[in-house]
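> Here is my input, please return the structure:
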Amino acid sequence: MKLLQLADLHIGKRVNEFSMLEDQIYILHQILDIARERRPDGVLIAGDVYDKTIPSAEAVTVLDGFLTSLADLHIPVFVVPGNHDSAERLGFGSHLLRESGVYIAAPYHGAVERFTLEDAYGPVGIHLLPFLRPAAVGACHPEEKVDGYDSGVRLALSHADFSGADRHVLVAHQFVTSGGKEPERSDSEAITVGGLDNVEVSAFDRFDYVALGHIHGPQFVGRPSVRYAGSPLKYSFSEWRQQKTALLVTLRGPGEEPELEKIPLIPLRNLRVIRGPLAQLTAMGEKSQDYIEAVLTDEESLADPLGELRQIYPNLMRLTFDNRRTQTQGGPGVAQSIREKSPLELFGEFYEAQNGAPLEEEQTALLSQLLAGLEEAR
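Sure thing, here's the model as predicted:
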């Protein structure tokens, strides 16, 4: 059985105030071409389908066209809402859509939805787990103790139906770690402060394959069969070196490891970083439509670097300087370091700078709880 795994489409997203909708339409057409050529038995979309809980009309139209095209190919589609989605809005009309082979997970109400596909080896259970917050699980199971994301996901999965099939696939959207080790993250991901929203990979031990969304860089967690497909486009400059892919997963017989193939996705416009003196960066004759962050290394003052760069790079998104002056003042490296730190880490550094001593263990625990509460209330 072949399954095409996607995640983190973020339809309607803007990057540095540039709309990505045209780029998203282009890449979704490319994914449709892959589906026509490879003929997967199912398409798995692991959350963050939209970029906002209330998507624009244009974003809804793009998703409608994509799902309709997959349905026209008679390829079943399995979708879970991510933390950027409204499960209720994404799931509107889901019962009608099932007649066309489009299965969108309903908001969590105490059970994990399961559907079944069949191949030469027998039935495969496809389980759909929408993005879960502990409060949602606790409300459905008040008799059980839920003290965090990990226990919430484990409790939800303890009610999954594993009957009638030897192989099981989970589609989920969570921040998954392995032995406390976090996956590689990008600036464009929203992770709860201090990593408090992590779920240990052992929670998924009963599944033969776990199709994850939430992290934008393609990678596995703990074992090769628990995998983030990554986003189909680069949504931050921290991702500029990544090769975006669609992931084709081939399930074998019971007990056999799935076969994985990364199919490269080629964007309409690349997103990349260029670096050097202004004269060098503007020396190329032809314009580039790529999305650009330009890091200028000139030591002397420049009259209109933004204007000159936009003559060659009309989609220049960001301009920074890296020279002796900015290095003395902190420079872009400091800004990057700040972006990579959690609010808990930043507050801890501020507290130590002000008080000459680090936060005590009890203070750190209390602050973590407060920040987690703020995240839950978002």
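
> distance between stretch 145-154 and the chain's centre?
When distances are taken as CA atoms, centre = their mean, to the nearest Å, stretch 145-154 is centred 21 Å away from the chain's centroid.

> Just the buried residues of it, please?
146, 149, 150, 151, 152, 153, 154 (16 or more other CB atoms under 10 Å). (C-beta placed from N, C-alpha, C; glycine too.)

> The second one reaches residue 175, doesn't it?
Meaning residue 149. Yes. Counting by CB atoms under 8 Å, residue 149 touches residue 175, with 7.5 Å between them.

> Excluding sequence neighbours, find me the nearest residue to the residue nearest in space to the middle of the chain.
For the chain, the residue lying nearest the average C-alpha position, counting by CA atoms, centre = their mean, turns out to be residue 214 (3.3 Å). Among residues not flanking residue 214 along the chain, residue 173 sits closest, at 5.2 Å (CB to CB, 6 or more residues apart in numbering).

> Assess the claim that the one you found and residue 83 are in contact.
Yes. If you go by CB under 8 Å, residue 173 and residue 83 touch, sitting 6.8 Å apart.

> Overlap of the contact sets of these two?
47, 48, 131, 214 (CB atoms under 8 Å, 6 or more residues apart in numbering).

> what pLDDT does the last one get?
Okay, so that is residue 214. As predicted, residue 214 sits at a pLDDT of 95.

> Could you do the first one as well?
The per-residue pLDDT reported for residue 47 equals 94.

> could you measure it against residue 1, distance?
The gap separating residue 47 from residue 1 is 22 Å, by CB to CB, to the nearest Å.

> Which of those two has more residues huddled nearby?
residue 47 (30 against 19; other CB atoms under 10 Å).

> Hmm, that one is touching residue 211, no?
No. Taking contacts as CB under 8 Å, residue 47 lies outside contact range of residue 211: 9.8 Å.

> which neighbours do those two share?
Contacts common to residue 47 and residue 211, judged by CB under 8 Å, 6+ apart, are 7, 172.

> wait, what's in contact with the closest residue in space to residue 111 that isn't next to it in sequence?
Spatially, and ignoring its direct neighbours in sequence, residue 111 is nearest to residue 159 (5.9 Å; CB to CB, 6+ apart). Residues near residue 159 by CB under 8 Å, 6+ apart: 110, 111, 112.

> re the thing from before, so the residue nearest to residue 214 bridges to which residues?
residue 213 (DSSP bridges).

> Residue 129 now?
Applying DSSP bridges, one finds that residue 129 bridges with residue 172.

> Would you mind measuring from it to residue 246?
21 Å.

> quick check: domain ranges of this structure?
The chain breaks down into these domains under automatic domain parsing: 2-264, 271-330, 343-377.

> Does residue 182 touch residue 198 like I think?
Yes. Counting by CB under 8 Å, residue 182 touches residue 198, with 7.2 Å between them.

> which strands and helices sit next to the strand or helix carrying residue 263?
Assigned by DSSP states H and E, residue 263 belongs to strand 259-264. Applying 3 or more CB pairs under 8 Å, 6 or more residues apart in numbering; DSSP states H and E, one finds that strand 259-264 contacts strand 245-250.

> Before I go, just wanted to say thanks for your time.
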